[in-house]
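Q: coords below, sequence missing:
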């Protein structure tokens, strides 16, 4: 298996910690000198760069959050003069207002390096033709993958998102071998291909780099079954850099974290206390080479776990599980915590259910209610009222056994739930309205 940067991707132990500590000191000094809002947070906590004498002192540093970006909108988080910034991106704003992030030329070089690492780990090589079906623009996914794949040497097709018929024409005419998009859009394309006369299994496609939203092993199995693509996951977020924090290798046993660029911790979402390897919690990231907008102990809101056993691919950096969901995606229904990822996993355990669903939350009187709109497979949806009622009851019973809360299920015809080339919308919460 190929490794893009063997020196850095096989670092471990004291050698890795030495690099992390040196870069952490440089990051803290940059933040302190620039007088960013995080410096005030450090001063309030009674710490300075000189207080951090080893990696063990990391826990002395206060945490940062997405709210810091919003409160200092648009560019108050910059640690460099604006004339040193060569690129601006923004988060998608799916869970709140937009956050603006800046990049120096050095940041862009590092970004391309980190994307090249996970693309190579997934099996991409210089002779590949990569079709990027992420939307180009303020969203970091399109440009992040674009320059990273060019760094590998691959031929890049900037198809952007949507226009599925054009996507298939490009794949057919240009011999696309690597597909880049969200996993839900890959599922949509797998279904649309049948109607548009595109046979994935007869195409040259072989690798998928899918990210930008949480997705389960069940979704991976569906994609690989329907397309024949090796479906791999990667992780990143705008406030930290964009895609490139971590990515799966061909063995698909966790995402390798680029630990020479990030210190990763998993903490209890309630207390903020650091958890041991193997325990599920919220991912917290510290950037070690980010120039324009470094962040320290940034609470990502993403739920995962980490472990450090060496991988069979030869890489030695820590790995993280696929993101299980977000702390801000958690629904509390009649005292029970419910995550969209739990709903997805449960639905995929029922034969005849398609992996396209929408969770509707409402309040009836004093009680919260949960409704799940879910598509059924071709041939199952019919006018046979009794048959559909029995199937609905079976799905509701299964969801209640998994979620421990009553769920109303509404069956939908195939292709009736809106698709998007961007992040899938999974929840509509009507309670505040």
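A: Nice, I can see it. Treat the numbers as computed from the prediction; the structure is a model and nothing was measured.
Q: what about the helices in the stretch 51-200 of the chain?
A: 66-71, 105-122, 140-152, 164-174, 183-195 (DSSP state H, counting those that start in this stretch).
Q: likewise the stretch 201-350 of the chain?
A: Taking DSSP H, counting those that start in this stretch as the test, the helices found in the stretch 201-350 of the chain are 217-227, 340-347.
Q: what angle separates the first one from helix 183-195?
A: Angle of helix 217-227 versus helix 183-195, following axes from the mean of the first three to the mean of the last three CA atoms, to 10 degrees, is 30 degrees.
Q: buried ones in helix 217-227?
A: 219-220, 222-224, 226-227 (16 or more other CB atoms under 10 Å). For every residue, glycine as well, the C-beta is placed using N, CA and C.
Q: quick revisit: what's the least confident stretch among the helices of the stretch 201-350 of the chain?
A: Within the helices of the stretch 201-350 of the chain, confidence is poorest for helix 340-347, with a mean of 88 (mean pLDDT).
Q: packing partners for that one?
A: helix 217-227, strand 325-326, strand 353-364, strand 367-376, helix 385-403 (3 or more CB pairs under 8 Å, 6 or more residues apart in numbering; DSSP states H and E).
Q: packing partners for the longest helix anywhere in the chain?
A: For the chain, the helix that runs over the most residues, judged by DSSP state H, is helix 13-34. Packed against helix 13-34, as judged by 3+ CB pairs under 8 Å, 6+ apart, are the following elements: helix 37-45, strand 281-287.
Q: Next, the contact list for residue 45, please.
A: The contact partners of residue 45, by CB atoms under 8 Å, 6 or more residues apart in numbering, come to 60-62.
Q: Show me which of the residues you listed is closest to residue 106.
A: Using CB to CB, residue 61 comes nearest to residue 106 of those, at 23.3 Å.
Q: For the closest one, the count of nearby residues, please.
A: For residue 61, the neighbour count with other CB atoms under 10 Å is 20.
Q: Ok, residue 73 next?
A: If we define neighbours as other CB under 10 Å, then residue 73 has 12 of them.
Q: right, and it touches residue 101 too?
A: No - using CB atoms under 8 Å, residue 73 is not in contact with residue 101, being 11.3 Å away.
Q: Secondary structure element holding residue 3?
A: When elements are assigned from DSSP states H and E, residue 3 belongs to no helix and no strand.
Q: Could you list the low-confidence segments of this protein?
A: 92-97, 365-366, 432-433 (pLDDT under 70).
Q: can I see the domain layout of the chain?
A: Per the record's domain assignment (automatic domain parsing), the chain is made up of the domains 1-326, 330-429.
Q: Highest mean neighbour count out of the ones you listed?
A: domain 1-326 (a mean of 19; mean count of other CB atoms under 10 Å).
Q: what's the span of stretch 37-56, first residue to last?
A: Its start and end residues considered, stretch 37-56 measures 24 Å (CA to CA, to the nearest Å).
Q: Residue 112 and residue 124, how far apart?
A: 13 Å (CB to CB, to the nearest Å).
Q: nope, residue 250 is what I meant
A: On the measure of CB to CB, residue 250 and residue 124 end up 10 Å apart.
Q: thinking again about what came up before, next, format the helices and strands packed on helix 340-347 as CSV and append distance to residue 341.
A: Below are the helices and strands packed on helix 340-347 laid out as CSV (distance: least, CB to CB, whole Å):
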stretch, distance to residue 341
helix 217-227, 10
strand 325-326, 4
strand 353-364, 11
strand 367-376, 13
helix 385-403, 11
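Q: For residue 39, which of the ones you listed is the nearest?
A: Residue 39 lies closest to strand 325-326 among the helices and strands packed on helix 340-347, at 28.2 Å (CB to CB).
Q: who does the closest one touch, helix- and strand-wise?
A: Using 3+ CB pairs under 8 Å, 6+ apart, strand 325-326 is in contact with strand 298-304, helix 340-347.
Q: And the ones you listed: which comes nearest residue 188?
A: Smallest distance to residue 188 across the helices and strands packed on strand 325-326 (CB to CB): 15.2 Å, for helix 340-347.
Q: Just give me how far that closest one sits from the chain centre.
A: 17 Å (CA atoms, centre = their mean, to the nearest Å).
Q: Please list the residues outside it that contact it.
A: 214-216, 218-219, 324-325, 329, 353, 355, 357, 359, 372, 374, 395, 398-399, 402-403, 426-427.
Q: so what's residue 226 closest to, chain neighbours aside?
A: The shortest distance from residue 226 to any non-neighbouring residue, by CB to CB, 6 or more residues apart in numbering, is to residue 190 (3.9 Å).
Q: Next: residue 408.
A: In this structure, residue 408 finds its nearest non-sequential neighbour in residue 371, 4.4 Å apart by CB to CB, 6+ apart.
Q: So the one you found versus residue 350, what's the distance?
A: 17 Å.
Q: got it, and residue 289?
A: For residue 289 relative to residue 350 (CB to CB), the value is 46 Å.
Q: How about residue 287?
A: 42 Å.
Q: contacting residues for residue 10?
A: Counting by CB under 8 Å, 6+ apart, residue 10 has contacts 3, 314-317.
Q: Now, those residues that are in strands?
A: When the contacts of residue 10 are checked against strands (DSSP state E), there are no matches.
Q: any chance of these in TSV, plus distance to residue 203?
A: Conversion of the contacts of residue 10 to TSV gives the following (distance: CB to CB, whole Å):
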residue	distance to residue 203
3	28
314	30
315	30
316	35
317	33
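Q: of those residues, closest to residue 380?
A: Nearest to residue 380 out of those is residue 315 (CB to CB; 42.9 Å).
Q: close enough to count as contact, residue 63 and residue 282?
A: No - contact criterion CB under 8 Å: residue 63 and residue 282 do not qualify, at 9.9 Å.
Q: Let me see the contact set for the nearest residue to residue 316 once chain neighbours are set aside.
A: Leaving out its chain neighbours, the residue that sits closest to residue 316 by CB to CB, 6+ apart is residue 12, at 4.1 Å. Counting by CB under 8 Å, 6+ apart, residue 12 touches 308, 310, 316-317.
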